[in-house]
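Student: Need the 3D shape of this:
(one chain, ligands or ions: 2)
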Amino acid sequence: MTHVITSLCVRDRGCIEVCPVECIVPGQPADGWPMMYIDPDTCIDCGACVPECPFAAIYPEDEVPAAYTAKGGEYINKPSLTGHYEGSNHHGKTVVLETTRQLTAGEVVDLTSDIQVNSDFFKSGPGYSSKDNDQGV
Ligand code: SF4
Ligand code: SF4
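Tutor: Ligands and ions are numbered 1, 2, ... in the order given. This next block holds a predicted model:
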């Protein structure tokens, strides 16, 4: 088992520094890999990252919602989206994303496809090499 970062992630980075096995990686380039990703082969399922996420984007793999009901106003963040997000991350740096969409209250979204996305990031995507290009946002 692993934990999974879902597309509710808007790169706050609060999770990264608490991971005891350093398996949370900021996606680069951000337009193609706009979230943070958990390496499923390294995650020890400790759960330390979950309470650190202000956007409640992290779930144990078997609890990733197939029918997430939006509170309204939260963003999803995927390469296929074109909406604008601007916020301040855990370190006070400005985060700008052009790959988002704001959810409406009561809207239901399936987040389970993000399980494969986390895996693909490490298997066929940039994986840990993204850390070399990390800009801190
Ligand atoms: S704390 Fe949450 S929003 Fe921030 S990078 Fe981690 S998963 Fe993404
Ligand atoms: S569950 Fe633990 S090991 Fe896995 S990504 Fe979160 S902090 Fe790291």
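
Student: Find me whatever residue is spatially closest to Pro40, sequence neighbours aside.
Tutor: In this structure, Pro40 finds its nearest non-sequential neighbour in Thr2, 3.8 Å apart by C-beta to C-beta, 6 or more residues apart in numbering. From N, CA and C alone the C-beta is placed, and that goes for glycine too.

Student: okay, now the one you found: neighbour count?
Tutor: Counted with other C-beta atoms under 10 Å, the neighbours of Thr2 add up to 18.

Student: before we move on, what about the one 5 residues further on?
Tutor: One way to gauge burial is a neighbour count; for Ser7, by other C-beta under 10 Å, it gives 23.

Student: so what's it up against?
Tutor: 35, 57, 76-78, 111, 114, 117 (C-beta atoms under 8 Å, 6 or more residues apart in numbering).

Student: ok, so of those, who is nearest ligand 2?
Tutor: Ala57 (11.6 Å; C-beta to the nearest ligand atom).

Student: Could you pull out the helices in this structure for me?
Tutor: Remark: helices assigned in the chain by DSSP state H are 113-123.

Student: where's the most far-flung residue of the chain relative to its centre relative to Ala70, distance?
Tutor: In the chain, the greatest distance from the average C-alpha position (C-alpha atoms, centre = their mean) is reached by Gly106, at 21.4 Å. According to C-beta to C-beta, to the nearest Å, Gly106 and Ala70 sit 7 Å apart.

Student: do Ser119 as well
Tutor: 25 Å.

Student: Same check on Asp134?
Tutor: 30 Å.

Student: Neighbour count: the two, which is higher?
Tutor: Each of Asp134 and Ala70 has its neighbours counted (other C-beta under 10 Å); Ala70 has more, 16 against 13.

Student: Surely the more buried one and Gln102 touch.
Tutor: No: using C-beta atoms under 8 Å, Ala70 makes no contact with Gln102, being 9.1 Å away.

Student: What about Lys131, how many residues nearby?
Tutor: Quick note: Lys131 (other C-beta under 10 Å) scores 13 neighbours.
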